[in-house]
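Trainee: could you work out the structure for the sequence below:
(one chain, ligands or ions: 1)
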Amino acid sequence: MEAPNRGRRTLRCGNAVPPVAQDGEPPGPKARPADLEPQQCRQVKGCGWTGGLDWPSGVPVGWQAFLGRQEYSEQRLLNSFGNVFTFISRDGFNKIQILVNFLNGENGSHYVTIQSMVKYELDNQLVDLDKRGSHPESGSRTLLHLHRTLRWLELFFERLRTSTEDSKTSVMCTDAYIESLSQHHPLGIQTAVRNTFCDLPGRPTFFEVMNVGGAEKVVDMLGDAVPMISKVYQITEDLYAQNNLLALP
Ligand SMILES: CCCCCCCCCCCCC/C=C/[C@@H](O)[C@H](COP(=O)(O)O)NC(=O)CCCCCCCCCCCCCCC
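Mentor: Model (predicted):
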């Protein structure tokens with residue numbers, strides 16, 4: 001679908017030279033997917049990321065892998081790009097935490113798959129369907145926001161995978177955002193997010209922070225990741241479409 005604001009690209013950064021990249025090393029501790037505990041790696045591998053359906057045991061952990069686990073003060077991939085990313089990672093963490101809390105709560109057994117979660121919440125009128133009401137943080141709504149972000153990630157990773165040495169991460173990131181998530185954000189958030197992308201380090205530093213290896217290895221990893229992300233995205237998209245949940249308030 002074409003983004004409604006495609007013509008408005010005034011904040012697009014052609015040249016992302018962030019303060020963090022000046023000495024070739026972003027400040028702060030690095031958060032690396034490679035640093036996951038073995039158990040977390042197994043969870044990520046054995047969960048929705050490979051097309052399975054038991055997302056809560058894996059998807060939140062998968063997101064934590066990108067965000068750098070739960071602790072704000074600990075390593076965080078996003079914050080290794082600079083503190084301006086805190087507002088993004090905090091929202092992501094909050095949403096993951098909502099889902100984890102459901103999973104660990106007294107009705108946790110209903111939250112073991114996305115299908116059972118959606119069914120349980122709909123059957124028990126636990127979702128605000130038309131306007132915000134008494135269930136502003138339902139699991140279904142919370143996952144929808146992460147799901148939309150996953151589409152951004154898929155588009156961004158695909159751009160990164162096919163990028164060249166002189167490609168700008170900020171431009172790739174912004175283009176992916178315009179094509180996906182921005183359509184669901186009010187203008188104020190769009191402006192803040194797009195400004196934040198201007199602070200992303202250049203491609204070499206970005207690859208380094210990913211800690212996968214050289215550029216070839218990064219491209220290989222992205223080649224594996226993108227189809228998995230697409231698959232997970234499609235499973236959720238279909239489920240939400242079947243249940244008319246794609247436009248939850
Ligand atoms: C390359 C790293 C750049 C990170 C870019 C993240 C892109 C997503 C931008 C999200 C903007 C978040 C701003 C807040 C939005 C909220 O208004 C909005 C609605 O929330 P509410 O109605 O419940 O209050 N929330 C959302 O749309 C959900 C946002 C979820 C953010 C999760 C961020 C995860 C980022 C993962 C990065 C992985 C990078 C991997 C690189 C190797």
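
Trainee: return the residues of this structure in contact with the ligand.
Mentor: 66-67, 78, 88, 91-92, 95, 145, 149, 152-153, 173, 181, 189, 193, 200, 210 (CB under 6 Å from any ligand atom). In this view, the C-beta of every residue, glycine as well, is placed from N, C-alpha and C.

Trainee: buried among those? Make that a PyMOL selection.
Mentor: Buried members of the residues of the chain next to the ligand, defined by 16 or more other CB atoms under 10 Å, are picked up in PyMOL with:
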select buried, resi 67+78+88+92+95+145+149+152+153+173+181+193+200+210
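
Trainee: in which helix or strand does Lys119 reside?
Mentor: helix 114-123 (DSSP states H and E).

Trainee: and the residue of this structure closest to the ligand?
Mentor: Gly92 (2.9 Å; CB to the nearest ligand atom).

Trainee: regarding that residue, what is its secondary structure?
Mentor: helix (DSSP: H, G, I helix; E, B strand; the rest coil).

Trainee: and if you look at Leu200?
Mentor: Leu200 is classified as coil under three-state DSSP.

Trainee: rewinding a little: next secondary structure element downstream of the helix holding Lys119?
Mentor: helix 139-161.

Trainee: mind listing what His240 touches?
Mentor: You called it His, but residue 240 is Tyr. By CB atoms under 8 Å, 6 or more residues apart in numbering, the contact list for Tyr240 reads Val118, Ser140, Leu144, His147, Leu246.

Trainee: of these, closest to Leu126?
Mentor: Closest approach between these and Leu126, by CB to CB: Ser140, at 8.0 Å.
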